[in-house]
Structure formats: structure tokens, C-alpha cells
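Q: The following comprises the amino acid sequence and a computationally predicted model.
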Amino acid sequence: MPFIIYCLPRSRSAWLTHFLNYPFARPLQPVAHDVAPLCRSVDGFLKGFREEGQWGSVEIGGMIGWQIIRKEMPHLKTVVLRRPLQEVYQSVLNLGYQAHLTNLAELNTMLDVIAEQPNVYSINSSDLDAPVVGKWLFEYLLELEFDFDWWYQLSQTNIQVNLDSVMAHKEEIDERFNLFHADVLRRMDEVKNCLH
């Protein structure tokens, strides 16, 4: 059964995506990294699961659409990956980028709400160093027998998003994210109108 993981930036999301893109799975079970806002709409994102064979996704910006994603695909296994807000904020600053504490705090609050939903599990990013957590994630999300050697190899590897490359495409990324956000707001209005 496919899955989605929600987290703040700088929470080892790139590492976790790489870990869950297990190259020896047959058939392969592709896992995306923060692609929802690039899809321009919630349906565009869900198409990856429904038509393109995507097995999972680790999402940051895409969490703004979590209610619609959950409504459309209630069977998605959901995990929340947590890192303390202040650590996330400091990590972004340490890289030399401007960090918007208010935006990060809003996303952090959203993670609190998601974590309170039925059948949602939460883990701390620091726990990814523990083989027992790696085993649980691997077996629960991929439904495969844990490969300790794969986890150990990656546990020794620092995997990060190339933020310089992201910033080089910021204008296009922002444009796509704004379309995704507008779609989420439109669909949330439809949900609210149905309730009244």
C-alpha cells in the first residue's frame, strides 16, 4: 500500500527518500521528494500514485494539501517526520538562506494536526540513526524484509538537497507552488460549502 510522509525542510527528508527508494525492490517502488507543489494541482500530484507507479512521497510544501490528499486517497499510509522548529530554522540560516520563521511555524502546526489524525505515525528525524526505526519504516512503508546492509550503508552517507540548484529555479518552482496552493484553497472551499 502506498505512503506519504510529511515534514519540515532540513529534517533529513532527502536522506529518507533515498533510503526508501530501495534499488533491489522488484518491481521498483519509486519514492518522490517534495513534488506535490511542482505538480500545479492536487490531481497532478495524485496522478503519480494512480497512474505512474509512484509508491511513496516525502512532502514538505505539499503538506498544505494534506486534507484533500487524505480525502482522495484515504488508504495512503501516513507518517509525520519531526524535527524541532528551532533546529530547522537554525539549519536554514546556517546554509546562508533567509528563513521565514512564521511560515515554518505554520507548517509545524500543520504537522501537529496531521499527527493527531487516526492511523498516522510520528517519528523524530534524530531517530533515523537507529536501526530499529529504519527497520520499522522499511517494513511498514515498503512492505519488504529489512535490508540492514542498505540502511547501514546509507546511515554513513550525508544526503542533502542541492539548495543552490533549487534557488536557480526558484521562479518556476514558486509559480507551480502558487498554482498548487490555489487549487488546494479552491478545493477546501468546495469542502466547506458542502458542510453548510
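A: Nice, I can see it.

Q: any idea how far the residue nearest in space to the middle of the chain lies from Gln86?
A: Central residue of the chain (Cα atoms, centre = their mean): Glu59, 2.0 Å from the mean position. As judged by Cβ to Cβ, to the nearest Å, Glu59 and Gln86 stand 22 Å apart. C-beta coordinates here come from the backbone N, C-alpha and C atoms, glycine included.

Q: thinking again about what came up before, close enough to count as contact, the residue nearest to the centre of the chain and Leu38?
A: No - Glu59 is not in contact with Leu38 according to Cβ atoms under 8 Å; the separation is 10.8 Å.

Q: what's the longest helix in the chain?
A: Longest helix of the chain, by residue count under DSSP state H: helix 170-195.

Q: Just the buried residues of that one, please?
A: 173, 176-177, 179-180, 183-184, 187 (16 or more other Cβ atoms under 10 Å).

Q: How about Leu141: what's its closest non-neighbour residue?
A: Phe3 (4.6 Å; Cβ to Cβ, 6 or more residues apart in numbering).

Q: Quick check: phi and psi at the one you found.
A: phi -140, psi 160 (degrees, to the nearest 10).

Q: mind showing which ranges of the protein have poor pLDDT?
A: 191-196 (pLDDT under 70).

Q: can you pull out the strands in it?
A: For the chain, strands defined by DSSP state E occupy the ranges 3-7, 31-33, 56-59, 77-82, 120-124.

Q: between those, which one is nearest to Ile159?
A: Across these, Ile159 has its closest neighbour in strand 31-33 (10.2 Å, Cβ to Cβ).

Q: That closest one: partners in the sheet, and parallel or antiparallel?
A: strand 56-59 (parallel) (DSSP bridges).

Q: what about dumping the CA coordinates of the partner strand to PDB?
A: This file holds the C-alpha atoms of strand 56-59, laid out as PDB (Å, rounded to 0.1, in the frame of the first residue of the first chain):
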ATOM      1  CA  GLY A  56       5.500   6.900  -1.900                       C
ATOM      2  CA  SER A  57       6.400  10.600  -1.400                       C
ATOM      3  CA  VAL A  58       8.200  12.600   1.300                       C
ATOM      4  CA  GLU A  59       6.500  16.000   1.200                       C
END
